[in-house]
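Chemist: turn this into a model:
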Amino acid sequence: MNVLTLDFETYFDTKFSLKRLTIPEYVHDPRFHVHGLAIRWPDGRTEFRVDVPEAIAELQRQFGPRLERVTVVFHNAYFDMYVLRHRYGLSVQHFVDTMLLSHHVNGRKGEGGESAALADLAQRYGLDAKGNLSFMGGVRNPTPQQLVELADYAINDANITYQLAALLLPQITRPEVELPIMQHTVRLFVERSIAVDTAGIDGLATAAESETTRWLTEALGRLGETGALPAEGAVGQAGIAQIRDAVSKDRTFTELLKHALERTGRLVPLKNGKKGPIPAVAKKDLAMQELLHDSDPVVAALAHARTGKKSEDQVLAKLETLKRVTKATGGVLPPYLRYGGASTLRFSGGQKFNIQNLGRDGLGLEMRKLLMARPGHKLIVGDLAQIEARITAWCAGQEDMLAQFAAGNDIYSEFASETLHEPVRKPLKTDPLEVQHHLKSRRQVGKTSILGLGYSMGASRFMNTLRADPLTALLFVSGVLSPLVCRDVVRAFRSKYARIPEFWNHLEGAFRLAISGVSSSVGALGFECRDKIILLYLPSGRALRYSNARLEDATRAIKYLDAFGEAAEFIPEGQSIVYGSGITIYGGKLCENVVQATARDILVEAILRLETQGWPVLFHVHDEIVLEVPEQNAESAQAALKQALEAAPSWAAGLPLAAEVTSSHIYGK
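Modeler: This next block holds a predicted model:
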């Protein structure tokens, strides 16, 4: 291969390292220092250069100003390319990243895949062991002997990286798309950035603390009335500090919740932990979400205080990161997206400010508003509408649902009207506020149905989801929703759109066949087993990988609502499908994987199409693409973005796509 392998070695100590700092903070810090650059030349020669500027100049003389006459191999290109760009002014034209190649081939650790750390990959593929760099900790001016050891270490890393590229590249499915999108993802972080309203960071932090204090004050008063806290402690700032500390810790919060629930003869809700049942007191636990709407004001106030404090912690941590990064970069945020962050190869965030999960309401929306266009520019934001529901219907062959989407029908309102037995439509701005709220809450039931029930969500989880949504929670109080109504809605969905449940069954059946060594297909999807890995080929031609897939006598309890609307569960007969380190999968989950992976592939093709047309993408979030363009080009950019998102790829014939595109100076408005 005509490739050049590069690897920087830099100064670090116990307080100054990439374990503690984001890449921009680290690279722009005055303490940053490059010890040297390991180079593996295309002819196989290796060297460690401490005269880095001269080494880079030599590379440019041989391979071009952007090294365009060679492909550069990195492991974690986010770091090495950031250093090249921001310390040496070099933007590499062609490159591959073995860390991202591993995400594609082996999945990502924590998502059913393997570790992409260089040491772990070297061991996995039987290469020379990666060395230990601890001897350089805190060493800014290495001795001659340390430089010799560092050179050996760095050259070994470069050789491992080169060998990994040779092993991993042939395993990439759809390389004509996946390799460019890997490069694009790194370039977003290295070469592009979004302006930040740095003056608004502190104000938003104060607002976050004030919101939590309101809930803490409410909980404090309620608990003081019950005697759960000492009377002398349940007042003033001391009381706020006491309850703030109590709701932060699992043990003390559980004790307070236990006391509150005992007043009405109830117990703390539990969930399955690694070593048995544990209290379900995490912010995202459905049981905790239900407690937010508890009829006992003491319980509800306590739950709000808990979730509010946890939200505050997350918001303040993100804002502190944003503050530090923008200080290092001069007021901008490099958008960090991780290729292959999820098992479907959907992107995830990182670098301690996850742009993927800011949220669309409350404090999350306010954080979005801190991101803005540069002077004289606008942000053009396009979002694929109902993309997962559309793909579910398309994959399953649910033609009537596809026809509804193609006709532009308000499918959420139509389904809500049918199942709630009352007229539902999109609220108008001219409607009275009470009418808007009435329609919005009921339409949300239809939206949750169409978007959620396609992945085999049962009535119990469906009910809990609606109870956890502030838009629909009060419908249980008014009697519009009940356990039996939720059960009937699920049944209505599965009856009306019967091809979708059939699709779940076909997927699971094909996966089980593949485990036994029999290849098969479900519509445009293909299943085969290769080297103990199940390959699920998507309509795009890309493959999802499920390593070490097998059948086990694993217990999977399925919760449901019985004829009286009471929670119940059963354990299905037969063996369960398990893969990786013990992840259970079934038809509905396979459907979710296929759909989300396909949505990702559609988004990727739109991104690359825009880039080819000269519309640089600033960043993307789930099914949303963000451009930044001069104000005079805003109208043209909106049209181009809408066209790119609504153009179905050649492999997705018959899939009706729709996009909503907006223009603003501030992200989130």
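
Chemist: and after the host helix or strand of residue 288, which helix or strand comes next?
Modeler: Counting by DSSP states H and E, the element that carries residue 288 is helix 286-291. Reading on from helix 286-291 to the C-terminus, the next helix or strand found by DSSP H and E is helix 297-329.

Chemist: tell me the buried residues in that next one?
Modeler: Buried residues in helix 297-329, defined by neighbour count with 16 or more other C-beta atoms under 10 Å: 298-312, 314-316, 318-319, 321-326, 328-329. (Glycine included, C-beta is placed from N, CA and C.)

Chemist: give me the neighbour count for the closest residue to residue 484 other than its chain neighbours.
Modeler: Once flanking residues are discounted, residue 484 sits nearest to residue 565: 4.3 Å by C-beta to C-beta, 6 or more residues apart in numbering. Counted with other C-beta atoms under 10 Å, the neighbours of residue 565 add up to 15.

Chemist: likewise for residue 68?
Modeler: 12.

Chemist: quick one on the thing from earlier: in three-state terms, label the residue nearest to residue 484 for me.
Modeler: Classification of residue 565 by DSSP: H, G, I helix; E, B strand; the rest coil places it in coil.

Chemist: for it, which residues are in contact?
Modeler: Counting by C-beta atoms under 8 Å, 6 or more residues apart in numbering, residue 565 touches 482-484, 487.

Chemist: let me have these in CSV, adding secondary structure and distance to residue 355 as columns.
Modeler: Shown next, in CSV, are the contacts of residue 565 (DSSP: H, G, I helix; E, B strand; the rest coil; distance: C-beta to C-beta, whole Å):
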residue, secondary structure, distance to residue 355
482, coil, 39
483, helix, 38
484, helix, 41
487, helix, 38
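
Chemist: which one of those residues is nearest residue 553?
Modeler: Taking C-beta to C-beta as the measure, residue 553 sits nearest to residue 487 out of the contacts of residue 565, at 29.7 Å.

Chemist: and which of the contacts of residue 565 is nearest residue 265?
Modeler: Using C-beta to C-beta, the contacts of residue 565 come closest to residue 265 at residue 483, 20.1 Å.

Chemist: residues touching that closest one, list them.
Modeler: Contacts of residue 483 by C-beta under 8 Å, 6+ apart are 459, 463, 561, 565-567.

Chemist: give me the buried positions along whichever strand or helix holds residue 363.
Modeler: Using DSSP H and E, the element containing residue 363 is helix 362-368. Residues 363-364, 366-368 are the ones in helix 362-368 that count as buried (16+ other C-beta under 10 Å).

Chemist: pull the most distant pair out of those.
Modeler: Within the buried residues of helix 362-368, 363 and 368 form the most distant pair, 9.8 Å apart (C-beta to C-beta).

Chemist: show me the domain layout of this structure.
Modeler: Here the domain parsing of the chain from automatic domain parsing is 3-172, 199-329, 339-386+596-664, 399-496.

Chemist: I'd like the average pLDDT over the third one.
Modeler: This predicted structure assigns domain 339-386+596-664 an average pLDDT of 94.

Chemist: return the distance of that domain from the chain's centre.
Modeler: How far domain 339-386+596-664 lies from its chain's middle: 14 Å, per C-alpha atoms, centre = their mean, to the nearest Å.

Chemist: measure that domain end to end?
Modeler: 27 Å (C-alpha to C-alpha, to the nearest Å).

Chemist: for the second one, same thing?
Modeler: The first and final residues of domain 199-329 sit 15 Å from each other (C-alpha to C-alpha).

Chemist: what pLDDT is listed against residue 229?
Modeler: pLDDT for residue 229: 56.

Chemist: can you pull the contacts of residue 188?
Modeler: Listed by C-beta under 8 Å, 6+ apart, the contact set of residue 188 reads 334-337, 617-619.

Chemist: please redo it, this time with the cut-off set to 10 Å
Modeler: Residue 188 makes contact with 78, 194, 334-337, 347, 355, 607, 616-620, according to C-beta atoms under 10 Å, 6 or more residues apart in numbering.

Chemist: all helices of the stretch 301-450 of the chain, in order?
Modeler: For the stretch 301-450 of the chain, the helices defined by DSSP state H, counting those that start in this stretch cover 362-368, 387-396, 399-406, 411-420, 433-452.

Chemist: run a quick check on residue 406 versus residue 386, I expect a contact.
Modeler: No - the pair residue 406 / residue 386 is not scored as a contact, 11.8 Å apart, by C-beta atoms under 10 Å.

Chemist: quick check: residue 9 vs residue 409, distance?
Modeler: 60 Å (C-beta to C-beta, to the nearest Å).

Chemist: and these two? Which one has more around it.
Modeler: residue 9 (21 against 12).

Chemist: burial count for the residue lying closest to the more buried one once chain neighbours are set aside?
Modeler: Nearest residue to residue 9 in three dimensions, chain neighbours excluded: residue 35, at 4.5 Å (C-beta to C-beta, 6+ apart). The number of residues packed near residue 35 is 22, by other C-beta under 10 Å.

Chemist: what do you get for residue 173?
Modeler: With other C-beta under 10 Å as criterion, residue 173 counts 17.

Chemist: quick one: low-confidence ranges for the stretch 451-600 of the chain?
Modeler: 554-555 (pLDDT under 70).

Chemist: could I get the full set of helices for it?
Modeler: Using DSSP H, counting those that start in this stretch, helices in the stretch 451-600 of the chain cover 459-468, 470-478, 483-496, 499-515, 587-612.

Chemist: can you put the ones you listed in CSV and add distance to residue 179?
Modeler: Formatted as CSV, those follow (distance: least, C-beta to C-beta, whole Å):
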stretch, distance to residue 179
helix 459-468, 38
helix 470-478, 42
helix 483-496, 40
helix 499-515, 27
helix 587-612, 11
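
Chemist: before we move on, back to that, of the helices of the stretch 301-450 of the chain, flag the one that's most buried.
Modeler: Among those, helix 387-396 has the highest mean neighbour count (mean count of other C-beta atoms under 10 Å), at a mean of 25.

Chemist: so which residues of the stretch 51-200 of the chain form strands?
Modeler: All strands of the stretch 51-200 of the chain, identified by DSSP state E, counting those that start in this stretch, fall at 71-74, 95-97, 194-196.

Chemist: closest to residue 262 out of these?
Modeler: Once the strands of the stretch 51-200 of the chain are compared by C-beta to C-beta, strand 194-196 is nearest, at 47.5 Å.

Chemist: so for the closest one, mean pLDDT?
Modeler: Mean per-residue pLDDT for strand 194-196: 96.

Chemist: strand partners (parallel or antiparallel) of it?
Modeler: Sheet pairing for strand 194-196, assigned by DSSP bridges, gives strand 332-333 (antiparallel), strand 371-372 (antiparallel).

Chemist: list the contacts of that strand.
Modeler: Contacts of strand 194-196 (C-beta under 10 Å, 6+ apart): 188, 322-323, 325-326, 329, 331-335, 355, 370-375, 377, 379, 618-619, 626, 628, 665, 667.

Chemist: only the buried subset of these, as a PyMOL command please.
Modeler: Entered in PyMOL, the line below selects the buried ones among the contacts of strand 194-196, by 16+ other C-beta under 10 Å:
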select buried, resi 188+322+323+325+326+329+332+333+334+335+355+370+371+372+373+377+379+618+619+626+628+667
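
Chemist: go ahead and confirm residue 387 touches residue 596.
Modeler: Yes - using C-beta under 10 Å as the test, residue 387 is close enough to residue 596 to be in contact (9.3 Å).
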